[in-house]
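Trainee: I would like the atomic coordinates for the input below:
(chains A and B)
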Amino acid sequence: RGHRGVATEGAWPRVAMEASELWVGFVGAGRMAGGLVRGLLHAGKVPASNILASAPSDKNLDAWRELGCRTTHCNLEVVHRSTLVFLATKPHILPGVLEEIRPAVGSHHIVVSLVAGVTIQTLQRLLPPWTKVLRIMPNLPCVVQAGAMVFSRGSNAGDEEAALLKSLLSSCGLCEEVPESYIDIHTGLSGSGVAYVYLFAEALAEGAVKMGMPGALASRIAAQTLLGAAKMLLETGEHPAKLRGDVCTPGGTTIYALHQLEKGALRATVMDAVEAATNRACDMAKD
Amino acid sequence: AGVLAAHKITASSPDTDLPTVSGLRKMGVNFTVSNKDTVKSSDVLFLAVKPPIIPFILEEVGPDIETRHIVVSCAAGVTISSIEKKLSTFCPTPKVIRCMTNTPVIVREGATVYATGTHADVEDGKLLEQLMASVGFCTEVEEDLIDAVTGLSGSGPAYAFTALDALADGGVKMGLPRRLAVRLGAQALLGAAKMLLESEQHPGQLKDNVCSPGGATIHALHFLESGGFRSLLINAVEASCIRTRELQHLADQEKISPAAIKKTLLDKVKLESPSLSVASASKVSLFTNKSKKN
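Mentor: Down below sits the predicted model:
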């Protein structure tokens, strides 16, 4: 049950074979956990039958059973039967849960917390001292394998564990290891950032509707525009300012529109948003 | 810049008391109060009067314009066709070039564009380009872009001076002596401009290169963005361009009062440093306005 990654220095663990032997547990089965598990399953890294999720009620668990995962109402059972344990509870519930599962946590476990605002320091304090702890901040598009995730490791988590996590979760999107201080920034940029994009998409579509286009069509086109632009950014590796300039023919429509955006100080407003969310994440972590 | 010997340059102005006049004389430029003399002794004629005066100058010197002359107008908003129309009553195929430059030609870092008229040849354009390239950047454009150039690089130095004044204020506020603040601010802009001109990179990338995460610069930039810095600059270029077009429209209608003509004085005069040098074959003329002698 539950082999650990055998990694030589600098080499990836043999994840393909090993992920299928990996027993993965989720304590908490909410939206974020659901996004991750869908990504894992879609990538075929871990069979559904190797996944066990716990939640207080069946409300969320039904969806997991439909995916082929096993479910329970017992958090301890998840810890007993898994090697890789994702903590995905609401922040205020977590301390109680950790106290509950603490006796069952061993040195073979890899504990990965998705819980917003709970620091590695807190996790390590509430778990046995030998526990391998990692903290991850994903975002919702993990559900469609286009997520952006950052993670940091605790004192006992080594290269193997980091490599395993990265390898597993790359199936859900971009997954990068960072210093823990970046996690709140990631929240402001990408965790909440998804909502900024939805807002922008809505506004784009509304503009089109004002100009006479039906709403449903406008929404689809707005989404595709964002997708396409993002794809070009990622694939060309060019600076966004350069790509912006490429679209602007002299005296053309685009530069007229951009002028309007600049007049509205869109850039500063977006910077303000990222800052506000990041600061809020920091404040919440302190609570 | 050493492309022309001073004695091959002639300038005229009705008002001989101006400091610019004595400055020119000191350089060894030939000076006269007669516009006609200037035309006769030149091959390349720069018209450097205020735009409303152009029609009157053209009326005056029209009879003396010959086919060898290249008439270069630097007057903002004055179209090639308006000049050609005026001159065609005197000369069937006048060579006209319209150019837009800016004040830093004084320090040989000008930004100049030119558009050639109906009868100006490629060589004529190239001659002007050679002359103006000696005092900075010079390139040919389609005439319909000249108003935009006015908004950008014609007025541009004023935007820069305003920025520099404010930057210096910022420095003074934070404790720097004024002279040092001005010097450093100017050098910062000069250096940045030079980096951009010599780099393949987009200014956005160059900006990023200066902004370390969570550092001083990004904090400052946030302020600029909050104030709509970018849009202000876009607005400025647009306003200058639009105003240029308005002035052109007014000029086309030749709406100028006689009083205004009397009041106008010596305007932008091209200055080129004198030296004995290999020069182009043509002689350059500097026109200034002419006030009606009543």
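
Trainee: And for the closest residue to B:Val29 other than its chain neighbours, the neighbour number?
Mentor: Across the structure, with Cβ to Cβ, 6 or more residues apart in numbering or on different chains as the measure, the residue nearest B:Val29 apart from its sequence neighbours is B:Ile9 (4.6 Å). Any C-beta I mention is one placed from the backbone N, CA and C, and that applies to glycine too. Using other Cβ atoms under 10 Å in any protein chain shown as the criterion, B:Ile9 is surrounded by 27 other residues.

Trainee: Name the residues linked to B:Ile9 by a beta bridge.
Mentor: Applying DSSP bridges to B:Ile9 gives these bridge partners: B:Val284.

Trainee: residue boundaries of the helices in the stretch 151-294 of chain B?
Mentor: Using DSSP state H, counting those that start in this stretch, the helices of the stretch 151-294 of chain B run over residues B:156-173, B:178-198, B:203-210, B:216-226, B:229-252, B:258-263.

Trainee: Could I get the buried residue list for the third one?
Mentor: Spelled out, it's helix B:203-210. B:207-208 (16 or more other Cβ atoms under 10 Å in any protein chain shown).

Trainee: So which residues on chain A come close to chain B?
Mentor: For chain A, the residues in contact with chain B (Cβ under 8 Å from any Cβ of the partner chain) are A:239-242, A:245, A:259, A:262-265, A:267-268, A:271-272.

Trainee: B:Thr16: helix or strand, and which one exactly?
Mentor: Element membership for B:Thr16 (DSSP states H and E) is empty, with no helix or strand holding it.

Trainee: what are the phi and psi values for it?
Mentor: Per-residue torsions, B:Thr16: phi -90, psi 0 (degrees, to the nearest 10).

Trainee: Likewise for B:Gly227?
Mentor: The phi/psi pair for B:Gly227 (degrees, to the nearest 10) reads phi -80, psi 0.

Trainee: just the helices in chain A please.
Mentor: Under the criterion DSSP state H, chain A contains helices at A:15-19, A:31-43, A:58-67, A:75-81, A:94-101, A:120-126, A:159-169, A:181-186, A:193-210, A:215-236, A:240-247, A:253-263, A:266-286.

Trainee: And for A:Leu126, nearest residue in space, chain neighbours not counted?
Mentor: The spatial neighbour of A:Leu126 that comes closest, neighbours along the chain excluded (Cβ to Cβ, 6+ apart), is A:Leu98 at 4.1 Å.

Trainee: domain ranges for the chain?
Mentor: This is for chain A. A:24-179, A:192-285 (the TED database).

Trainee: that's the other chain; I wanted chain B
Mentor: B:6-141, B:150-246.

Trainee: before we move on, the earlier item: of the helices of the stretch 151-294 of chain B, which stretch is the most buried?
Mentor: Burial of the helices of the stretch 151-294 of chain B is given as mean neighbour count (mean count of other Cβ atoms under 10 Å in any protein chain shown); helix B:229-252 ranks first at a mean of 17.

Trainee: list the helices and strands that helix packs on?
Mentor: Identification of packing neighbours for helix B:229-252 by 3 or more Cβ pairs under 8 Å, 6 or more residues apart in numbering or on different chains; DSSP states H and E yields helix A:253-263, helix B:146-149.
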